[in-house]
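# Task: produce atomic coordinates for the following.
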Amino acid sequence: MNTGARVWLRQENGSSVLDRAGQAVAFTVLKVESHPTGVLCELAADDLFVHIL
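Numbers count the residues shown, from 1 in each chain. Predicted structure coming up:
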């Protein structure tokens, strides 16, 4: 995953993260950091009314 990439997330139950209109929400990758235990990605939702993270 690279900074600036657009990604779509799935929730634990397998469903897509949706916006107010019921459409899948895209997220932009703001920052990527590698750590010994994995990778940490900072994301920003295209729709400001998404509150899942």
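
# Show me where the chain dips below the pLDDT cut-off.
51-53 (pLDDT under 70).

# how about it, which residue sits the furthest from its center?
Pro36 (21.6 Å; Cα atoms, centre = their mean).

# which residues in this structure form strands?
Applying DSSP state E to the chain gives strands spanning 6-8, 26-35, 38-45.

# With distance to Asp19 and mean neighbour count as new columns, can those be given to me in TSV?
Every C-beta, even on glycine, is put in place using the N, C-alpha and C of the backbone. Compiled in TSV, the strands of the chain are given as follows (distance: least, Cβ to Cβ, whole Å; neighbours: other Cβ atoms under 10 Å):
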stretch	distance to Asp19	mean neighbour count
strand 6-8	11	10
strand 26-35	9	12
strand 38-45	8	13
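
# now these in a markdown table, with distance to Val17?
Formatted as a markdown table, those follow (distance: least, Cβ to Cβ, whole Å):
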| stretch | distance to Val17 |
| --- | --- |
| strand 6-8 | 7 |
| strand 26-35 | 8 |
| strand 38-45 | 8 |
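
# My guess is Phe41 contacts Met1. True?
You called it Phe, but residue 41 is Cys. Yes - counting by Cβ atoms under 8 Å, Cys41 touches Met1, with 5.7 Å between them.

# Name the residues contacting each of those two.
Shared contacts of Cys41 and Met1, defined by Cβ atoms under 8 Å, 6 or more residues apart in numbering, are found at Val29, Val32.

# Pull the residues that contact stretch 10-30.
Residues from elsewhere that reach stretch 10-30, judged by Cβ under 8 Å, 6+ apart: 1-9, 41-47, 49-50, 52.

# end-to-end on that stretch?
End-to-end distance of stretch 10-30 (Cα to Cα, to the nearest Å): 18 Å.

# Find the centremost residue of this protein, please.
Centre-most residue of the chain, counting by Cα atoms, centre = their mean: Phe27, 4.4 Å.

# Thanks again, I'm all set now.
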